[in-house]
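Peer 1: quick one, what's the 3D model for this:
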Amino acid sequence: MTYYGASDLAAAFRQVRKNTIQIAEDIPEAKYSYAAAADTRTVAQMLIHIANSPRFQTLVHVDGRTSFEGLDFPKLFAEMSAEEQKPRSKAEIAAQLKNDGESFARWLEGLTDEFLAEHFTMRPAMGPASKTRFEMLLGAKEHEMHHRGQLMLIERLLGITPHLTRQMQERFAAART
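Peer 2: Sure thing, here's the model as predicted:
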């Protein structure tokens, strides 16, 4: 019996992406060039990185690949990095987050339990010898949450109270009355 399947994975990803989009909307476009430290991504670059990251998962899983063998990581990461450097407006970034996120979630919904249970051979330096496709695809959500945490800290540095904090504060205030 499976307790967490493709539709659950898609719903969880949609929730994470919804929160990322809210952060993208809360940060003023004038602050999209802000970088928290030298040699780190700007807000815009991080949001583009988040938007593009699920493409890695679809690249790995759509063609029947069962390992990373033959995948040119340096080329792939160079292409992804080049995409992050292209200037985009806040509206363009928000649209990409919405469109690409929904496309990925729809793809996730269509996966079968059998597909999610398949094992994928990892590279030696990447931890366990193999992971299920489910575990790897769950990693897309985890990766986005990692960067969203960074963006929430950046919001604080910019004087913005993150929306999840605002919502919690509103719930506490309502409970006190």
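Peer 1: need the outlier residue of the protein, farthest from its centre.
Peer 2: For the chain, the C-alpha farthest from the mean C-alpha position belongs to Thr177; by CA atoms, centre = their mean, that distance is 37.2 Å.
Peer 1: number of nearby residues for Thr121?
Peer 2: For Thr121, the number of neighbouring residues by other CB atoms under 10 Å comes to 15. To be clear about C-beta, it is placed using only N, CA and C from the backbone, and glycine gets the same treatment.
Peer 1: and it, what does it touch?
Peer 2: 66-69, 129-130 (CB atoms under 8 Å, 6 or more residues apart in numbering).
Peer 1: pLDDT at the residue farthest from the centre of the chain, what is it?
Peer 2: Note for Thr177: predicted pLDDT of 88.
Peer 1: kindly report the same for Leu71.
Peer 2: At Leu71, the predicted lDDT confidence score is 85.
Peer 1: okay, now the unreliable bits of the chain?
Peer 2: Under the criterion pLDDT under 70, the flagged ranges of the chain are 1-2, 126-127.
Peer 1: and the residue nearest the centre of it, what element?
Peer 2: For the chain, the residue sitting closest to the mean C-alpha position, by CA atoms, centre = their mean, is Glu144 at 2.8 Å. When elements are assigned from DSSP states H and E, Glu144 belongs to helix 133-157.
Peer 1: what helices or strands is that helix leaning on?
Peer 2: Secondary-structure packing of helix 133-157 (3 or more CB pairs under 8 Å, 6 or more residues apart in numbering; DSSP states H and E): helix 6-26, helix 43-52, helix 54-61, helix 113-117, strand 119-121.
Peer 1: and of the ones you listed, who's closest to Arg106?
Peer 2: Distances from Arg106 to each of those were compared using CB to CB; the shortest belongs to helix 6-26, at 7.3 Å.
Peer 1: check which residues of that closest one are buried.
Peer 2: For helix 6-26, the buried set under the neighbour-count rule, 16 or more other CB atoms under 10 Å, comprises 6, 9-10, 13-14, 16-17, 19-21, 23-24, 26.
Peer 1: now those residues in JSON lines, with distance to Ile48?
Peer 2: Formatted as JSON lines, the buried residues of helix 6-26 follow (distance: CB to CB, whole Å):
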{"residue": "Ala6", "distance to Ile48": "27"}
{"residue": "Leu9", "distance to Ile48": "23"}
{"residue": "Ala10", "distance to Ile48": "22"}
{"residue": "Phe13", "distance to Ile48": "18"}
{"residue": "Arg14", "distance to Ile48": "19"}
{"residue": "Val16", "distance to Ile48": "17"}
{"residue": "Arg17", "distance to Ile48": "14"}
{"residue": "Asn19", "distance to Ile48": "17"}
{"residue": "Thr20", "distance to Ile48": "12"}
{"residue": "Ile21", "distance to Ile48": "13"}
{"residue": "Ile23", "distance to Ile48": "14"}
{"residue": "Ala24", "distance to Ile48": "10"}
{"residue": "Asp26", "distance to Ile48": "17"}
